[in-house]
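Peer 1: with the input below, show me the fold.
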Amino acid sequence: MHAWLCENPVGVDALSWKELPTPQPGAGEVLLEIQAASLNFPDLLIVQNKYQMKPPLPFVPGSEYAGVVRAVGEGVKHLQVGQSVACLSGTGGFGTHTLAPAKLCMPLPAGFSPVDAAAFIMTYATSHHALMDRGQLKAGETVLILGAAGGVGTAAIQIAKAAGAKVIAAASTAEKCALCTAQGADATINYGTENLREAIKTLTDGKGPDVVYDPVGGEFAEPAFRSIAWRGRYLVIGFAGGPIPNLPLNLPLLKGASLVGVFWGDFARREPQANATMMAELAQWYAQGKIKPVIDRTMPMSELKAAYARMGSRAVMGKLVMVN
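Peer 2: Model (predicted):
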């Protein structure tokens, strides 16, 4: 097998494509032949030693991937050799093969493409958990989605529309706003050229959004929170914009609003049955055509460093997927 190996987490340039022995699965593991692996923001942080999970060195990055089971370890009953699965295990995806924990593998129904599957779990699970569980989004409510043209953003648009909400999508360019409209957004805000607060006020007739979905952080967090509706819910997804904002705590007080943390990974670990029920619903929505990952482009696994550069330039709309 071959894989991109991180022996020193000082950045993308330190990754090297190496031939490694093909491992055999231990108890509770499966050997996967990887067909596709998506690039997520944590995949950048982890090779810079900036992510909350710090795997022992050396490791193969690539948190989310899809492939075919080639061998099963002791005690694995629900997966068979030849079965197609998707997995989000945190590491291991940027190679030709990997050992995956069987309990983290999602069996794929017929017709679920490996490219879509590799771009599915993190974005849709995060967005569904955020909007429907933590945000308690109801039909007829208005949701503002920041960073709406990215992977989690486009997933959030689709899920919010499936739930019957009105969606205002905010993104940094006209091209990204057009993508959001194509995904079903009812209105868009180009915060590269428009004043965010004024645009929100206009689009909500001064009421503000009931739910704010924020995977960006940075400079837009405070104006978005200042615009929130009475009893609004502000969902803290992540900080792709870089700086972690310091929000004045009088803002939730004045609006009777909630500041809600969203950590899907720990939700899945602490509440596995609820997570399994959610994933089954998402797989059904995919089969029904209600949701479908937006793929920016596919690139050969050998071009991983170029893919990282594209993601770092903020040019990506949807998900980048590496293929073998």
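Peer 1: what is the end-to-end distance of stretch 107-126?
Peer 2: End-to-end distance for stretch 107-126: 19 Å, by C-alpha to C-alpha, to the nearest Å.
Peer 1: give me the mean pLDDT for that stretch.
Peer 2: Averaging pLDDT along stretch 107-126 gives 93.
Peer 1: buried sites along that stretch?
Peer 2: By 16 or more other C-beta atoms under 10 Å, the buried positions in stretch 107-126 come out as 108, 112-126. Where C-beta positions appear, they are placed from N, C-alpha and C, glycine not excepted.
Peer 1: now that stretch: how far from the chain's centre is it?
Peer 2: With C-alpha atoms, centre = their mean, to the nearest Å as the basis, stretch 107-126 stands 11 Å off its chain's centre.
Peer 1: repeat for stretch 233-241
Peer 2: 12 Å.
Peer 1: who touches the helix or strand harbouring residue 197?
Peer 2: Using DSSP states H and E, residue 197 maps to helix 196-203. Identification of contacts with helix 196-203 by C-beta atoms under 8 Å, 6 or more residues apart in numbering yields 144, 168, 170, 187, 189, 191, 208-209, 220, 223-224, 226-227.
Peer 1: any stretches of the chain with poor pLDDT?
Peer 2: Along the chain, no part satisfies pLDDT under 70.
Peer 1: which residues in the stretch 51-200 of the chain form helices?
Peer 2: Using DSSP state H, counting those that start in this stretch, the helices of the stretch 51-200 of the chain run over residues 114-118, 121-128, 151-162, 174-182, 196-203.
Peer 1: who wins for proximity to residue 216 among the ones you listed?
Peer 2: Closest to residue 216 of the helices of the stretch 51-200 of the chain, according to C-beta to C-beta: helix 151-162, at 8.8 Å.
Peer 1: can you list the buried residues in the closest one?
Peer 2: So for helix 151-162, counting by 16+ other C-beta under 10 Å, buried means 151-162.
Peer 1: hang on, the earlier thing: give me the buried subset of the contacts of helix 196-203.
Peer 2: 144, 168, 170, 187, 189, 191, 208-209, 220, 224, 226-227.
Peer 1: tell me which two in those are the farthest apart.
Peer 2: Of all pairs drawn from the buried ones among the contacts of helix 196-203, the greatest distance, 18.9 Å, lies between 187 and 226 (C-beta to C-beta).
Peer 1: JSON lines for the helices of the stretch 51-200 of the chain, including distance to residue 79?
Peer 2: As requested, these are exported to JSON lines (distance: least, C-beta to C-beta, whole Å):
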{"stretch": "helix 114-118", "distance to residue 79": "15"}
{"stretch": "helix 121-128", "distance to residue 79": "16"}
{"stretch": "helix 151-162", "distance to residue 79": "26"}
{"stretch": "helix 174-182", "distance to residue 79": "36"}
{"stretch": "helix 196-203", "distance to residue 79": "46"}
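Peer 1: nearest to residue 272, out of the ones you listed?
Peer 2: Comparing the helices of the stretch 51-200 of the chain by their distance to residue 272 (C-beta to C-beta), the top pick is helix 121-128, with 12.4 Å.
Peer 1: helices or strands up against the closest one?
Peer 2: strand 84-88, helix 151-162, helix 264-270, helix 272-287 (3 or more C-beta pairs under 8 Å, 6 or more residues apart in numbering; DSSP states H and E).
Peer 1: can you say which of those is packed in most?
Peer 2: helix 151-162 (a mean of 28; mean count of other C-beta atoms under 10 Å).
Peer 1: tell me what that helix is packed against?
Peer 2: Judged by 3+ C-beta pairs under 8 Å, 6+ apart, helix 151-162 is in contact with helix 121-128, strand 142-145, strand 166-171, helix 174-182, strand 211-214.
Peer 1: of those, which is nearest residue 269?
Peer 2: Residue 269 sits nearest to helix 121-128 of all the helices and strands packed on helix 151-162, at 12.3 Å, using C-beta to C-beta.
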